[in-house]
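Student: Test case, fold it:
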Amino acid sequence: MKTQYFRIDPDHPDLNAIKKAVHYLHREELVVFPTETVYGVGALVKSPAAVGRIFTAKERLPKSPLLVHISRMEQALELVLTFPPEARRLAESYWPGPLSLILPARESVPEIVRGGSPTVGLRMPSHPVARLLLDASGPLAATSANLSGRPSPVTADDVKADLDGRVSAVLDAGPTGSGLESTVLDLSSPDYCILRLGGVTVEEIEDLLGRKVRIVAQSQAETDHYKIGIPVMTSKNEEDFLILLHKLVDSGGRVGIVYNDCTKPSIIRESIISTTVEYQLNLKKTTLNLYSILRDAEKKQLDALIFAPLPKKEEGITASYFDRIQAATTPYNPKLD
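Tutor: A predicted model of the protein is given here:
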């Protein structure tokens, strides 16, 4: 299939492009759209056949649930059996925004969307293009618009690299917002738990609810999509970082160094600097450029990517960033010894 790309201004969206995208959706085809986090690929939630095409396009086994993207509370109430007071308080505070809530699902939600569970995850994105699309199409089952095993896409070019020819249309609104996926909070049982760290912090959720919530570690299957085709390594401290860097460079490797806002090794040989590619990771800003760094390092065919020592304190939004970095980390490549 030939993928159609529609360039769309997020501040003044072209309604004709939205109508064309909705046309594809109503034909049970796939459309990629921007959110305030990453680009997502969506299908009509009430069409199991269309939803199944998401798994085919991403080369992903249809065993895990998809989030249902909505634009209005009325849409949420049509999908769940109950919307408890705690969920309403969270929705009032963080919707639209990067928070997904898991609640008991109505039987009308297809099993393929729910991943066979009795629950459904709801997400209300704040991106104006996404909201216009959802207003016109109705709820969409969606997930990140990348091949399984790839970093999440933050530009239409990222989408094109992975899904060109696999989806019918892409609404290209330029780079997405935070680049950090939504927090996934399970409210379907009394034991509230966070299944994925994201754009809304643990502390914010606990403060609003007035109670502690558990953080459930993700399975390996859930973190596979952060892998790339080169080794990605972290370092415990500056000494560890320099030892690893020297070993890689001395063995002839072309290495990428990822600095961050808080730490930067102070002593690096000039000969090493000339054979490295440097990146700056924004940990103190509202946007995370991790996925862009991972894709660029792979595109440059670097032999390895090393993160300079990260801050010791893992809390707030930094905890979500660390979660993604850890998910991208791969074992040291013995070929570089």
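Student: need the helices for the stretch 101-250 of the chain, in chain order.
Tutor: 111-114, 128-137, 156-163, 202-209, 220-223, 238-250 (DSSP state H, counting those that start in this stretch).
Student: Among those, which comes closest to Ile306?
Tutor: Nearest to Ile306, of all the helices of the stretch 101-250 of the chain, is helix 238-250, at 6.0 Å by Cβ to Cβ. (Glycine included, C-beta is placed from N, CA and C.)
Student: after that closest one comes which helix or strand?
Tutor: strand 255-260 (DSSP states H and E).
Student: what's the neighbour count on the residue nearest to Arg72 when sequence neighbours are not counted?
Tutor: Leaving aside its chain neighbours, Arg72 sits nearest to Asp135 (7.5 Å; criterion: Cβ to Cβ, 6 or more residues apart in numbering). Asp135 has 14 neighbours, counted by other Cβ atoms under 10 Å.
Student: The stretch 151-300 of the chain: strands as residue ranges?
Tutor: 169-172, 183-186, 193-196, 214-215, 232-234, 255-260, 276-281 (DSSP state E, counting those that start in this stretch).
Student: Next, format the ones you listed as a markdown table and append mean pLDDT, mean neighbour count and distance to Leu15.
Tutor: Formatted as a markdown table, the strands of the stretch 151-300 of the chain follow (pLDDT from 0 to 100; neighbours: other Cβ atoms under 10 Å; distance: least, Cβ to Cβ, whole Å):
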| stretch | mean pLDDT | mean neighbour count | distance to Leu15 |
| --- | --- | --- | --- |
| strand 169-172 | 98 | 24 | 12 |
| strand 183-186 | 97 | 24 | 31 |
| strand 193-196 | 95 | 18 | 33 |
| strand 214-215 | 94 | 12 | 41 |
| strand 232-234 | 91 | 22 | 42 |
| strand 255-260 | 90 | 21 | 41 |
| strand 276-281 | 88 | 17 | 38 |
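Student: wait, which of those strands is closest to Met73?
Tutor: That would be strand 183-186 among the strands of the stretch 151-300 of the chain, by Cβ to Cβ, at 16.9 Å.
Student: quick revisit: among the strands of the stretch 151-300 of the chain, which comes closest to Arg150?
Tutor: When the strands of the stretch 151-300 of the chain are compared (using Cβ to Cβ), the closest one is strand 232-234, at 13.3 Å.
Student: Low-confidence stretches in the stretch 101-250 of the chain?
Tutor: Applying pLDDT under 70 to the stretch 101-250 of the chain flags the ranges 217-227.
Student: Quickly note the distance from Asp261 to Ser152.
Tutor: Taking Cβ to Cβ, to the nearest Å as the measure, Asp261 falls 21 Å from Ser152.
Student: Which one's more surrounded, these two?
Tutor: Ser152 (25 against 12).
Student: Would you confirm that that one contacts Asn146?
Tutor: Yes - between Ser152 and Asn146 there is a contact under Cβ atoms under 8 Å: 5.6 Å.
Student: Name the residue closest to the centre of the protein, please.
Tutor: When Cα atoms, centre = their mean is applied to the chain, the residue found nearest the centroid is Glu181 (3.8 Å).
Student: Quick check on that one: phi, psi?
Tutor: Glu181 adopts backbone torsions of phi -60, psi 170, taken as degrees, to the nearest 10.
Student: picking that back up, let me have the helices of the stretch 101-250 of the chain in a markdown table, adding distance to Leu305 as columns.
Tutor: Formatted as a markdown table, those follow (distance: least, Cβ to Cβ, whole Å):
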| stretch | distance to Leu305 |
| --- | --- |
| helix 111-114 | 35 |
| helix 128-137 | 31 |
| helix 156-163 | 17 |
| helix 202-209 | 28 |
| helix 220-223 | 17 |
| helix 238-250 | 10 |
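Student: between those helices, which one is nearest to Tyr192?
Tutor: With Cβ to Cβ as the yardstick, what comes closest out of the helices of the stretch 101-250 of the chain is helix 202-209 (7.1 Å).
Student: Residues in contact with the closest one: which ones?
Tutor: 86, 89-90, 93-94, 183, 185, 192, 194, 212-213, 215, 315-316, 319 (Cβ atoms under 8 Å, 6 or more residues apart in numbering).
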